[in-house]
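Undergrad: need coordinates for the below:
(2 chains)
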Amino acid sequence: MDTFTALAEPTRRSILEMLSTSGNLPATDIYRKFKASPPAISQHLKVLREANLVRVERRAQQRIYYINPEPMKELEKWVHQFSAKLEERFQSLDTVLEIEKQRLLANKEKEKK
Amino acid sequence: MSNKTTVTAEPGKQELFITREFDAPRELVFKAHTDPEIYVQWVGPHGMKMTIEKWECRDNGNYHFTHERDGKTYAFFGVNHEIHAPERIIGTFEFDGLPERGHVIMGKTTFEDLPGGRSRLVHQSVFFSVADRDGMIQSGMERGVTDGYEKLDTLLSSHQKQEPGT
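TA: Numbers count the residues shown, from 1 in each chain, chains lettered A, B, ... in the order given. The predicted structure follows:
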């Protein structure tokens, strides 16, 4: 599953927010914070693992979850490129606006005469 | 250039915001969005021929336009929900080239005056799903890479050369 599909689900976003606040959390602590059943939460954790948004470490009987910020940076990169694309379009608009402004000025000059 | 385009797209959300300032009053920027003759001059991706098939610039009016390059045509259409000069445009937008219908975008563009004959445009797009939004951002990126900046420079300077005749 890709990053963005994984992020599209509110429970998974809450898990990521919890992890970003506390750095890491044992799976049992994550289960406790939700009304949904542990198997349901476990499924969400699986999706997050597969999307590489979290990583897990085994410590004795516990599974400790950590947030992995790398995939988030991808959206940031996309947004940046998207802005550059829009900027091209808006620069064309700047040119068009400049032409319009001069045309209006010229019309006013004509009216004066 | 001091007029920077800002895009805000929070992860996991179905919306995005675009903000840009212009060295022109909002009446003019609004006109550049509603007058079809001016609209075609700037909105199309560089190197593509834009044709307006339908342009009903009023509340509940339809629009339909195409971009063409190398024999391939990309069509876009939607409904203008509200055209409120010179401050607000609300309407839908859909790309007519996806395998299925239903990926409609609701857009709101507002124009506010700033001191010194300047103005600010704020555009908000709301998508049906986060995947739709991210797909849109991604496709924008792909085109951005292929278009390249050299083309932009050439086109901008040719626009400026046309200026005296207009």
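Undergrad: pLDDT of the host helix or strand of residue B:120, averaged?
TA: In the assignment (DSSP states H and E), residue B:120 maps to strand B:118-127. The average pLDDT for strand B:118-127 rounds to 95.
Undergrad: contact partners for residue B:60?
TA: For residue B:60, the contacting residues are B:79, B:80, B:81, by Cβ atoms under 8 Å, 6 or more residues apart in numbering or on different chains. To be clear about C-beta, it is placed using only N, CA and C from the backbone, and glycine gets the same treatment.
Undergrad: actually residue B:138, not the one I typed
TA: residue A:78.
Undergrad: where do the helices sit along chain A?
TA: In chain A, the helices defined using DSSP state H lie at A:3-7, A:10-22, A:27-32, A:38-50, A:70-112.
Undergrad: show me the residue sitting in the middle of chain B in space.
TA: With distances taken as Cα atoms, centre = their mean, residue B:43 lies nearest the centre of chain B, 5.6 Å away.
Undergrad: how close does it sit to chain A?
TA: Residue B:43 is 7 Å from chain A, where distance means Cβ to the nearest Cβ, to the nearest Å.
Undergrad: next helix or strand past the longest strand anywhere in chain B?
TA: When chain B is parsed with DSSP state E, its longest strand is strand B:72-84. Per DSSP H and E, the first helix or strand lying C-terminal to strand B:72-84 is strand B:88-95.
Undergrad: how about that following strand: buried residues?
TA: Across strand B:88-95, burial judged by 16 or more other Cβ atoms under 10 Å in any protein chain shown covers B:89, B:90, B:91, B:93, B:94.
Undergrad: contacts only, for the third one.
TA: By Cβ under 8 Å, 6+ apart, the contact set of residue B:91 is B:63, B:78, B:79, B:80, B:81, B:82, B:106, B:107.
Undergrad: just give the number of residues close to residue B:71.
TA: Residue B:71 sits with 5 neighbouring residues when counted by other Cβ atoms under 10 Å in any protein chain shown.
Undergrad: can you report phi and psi for it?
TA: With angles defined as degrees, to the nearest 10, residue B:71 sits at phi 80, psi 0.
Undergrad: any figure for the gap between it and residue A:15?
TA: According to Cβ to Cβ, to the nearest Å, residue B:71 and residue A:15 sit 48 Å apart.
Undergrad: go on, residue B:112?
TA: Applying Cβ to Cβ to residue B:112 and residue A:15 gives a distance of 39 Å.
Undergrad: does anything pack onto the helix or strand of chain A with the lowest mean pLDDT? Which helices or strands?
TA: The weakest-scoring helix or strand in chain A, judged by mean pLDDT, DSSP states H and E, is helix A:3-7 (a mean of 75). Using 3 or more Cβ pairs under 8 Å, 6 or more residues apart in numbering or on different chains; DSSP states H and E, the elements in contact with helix A:3-7 are helix A:10-22, helix A:38-50, helix A:70-112, helix B:130-147.
Undergrad: for those helices, give me a markdown table that also has mean pLDDT.
TA: A markdown table is the format used below for the helices and strands packed on helix A:3-7 (pLDDT from 0 to 100):
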| stretch | mean pLDDT |
| --- | --- |
| helix A:10-22 | 85 |
| helix A:38-50 | 94 |
| helix A:70-112 | 87 |
| helix B:130-147 | 67 |
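Undergrad: which of those helices sits closest to residue B:50?
TA: Closest approach to residue B:50 among the helices and strands packed on helix A:3-7 (Cβ to Cβ): helix A:70-112, 11.3 Å.
Undergrad: ok, residue A:77 - how many residues close by?
TA: When neighbours are counted by other Cβ under 10 Å, residue A:77 comes out with 10.
Undergrad: next: residue A:104.
TA: By other Cβ under 10 Å, the residues close to residue A:104 number 12.
Undergrad: could you find the closest non-adjacent residue to it?
TA: Closest residue in space to residue A:104, ignoring its immediate chain neighbours: residue B:28 at 7.9 Å, by Cβ to Cβ, 6 or more residues apart in numbering or on different chains.
Undergrad: returning to that earlier point: and the strand holding residue B:120, what does it pack against?
TA: Applying 3+ Cβ pairs under 8 Å, 6+ apart, we find strand B:118-127 packed against strand B:15-22, helix B:26-34, strand B:105-114, helix B:130-147.
Undergrad: follow-up on the earlier one: of the buried residues of strand B:88-95, closest to residue B:21?
TA: Closest to residue B:21, out of all of these and judged by Cβ to Cβ, is residue B:89, at 17.4 Å.
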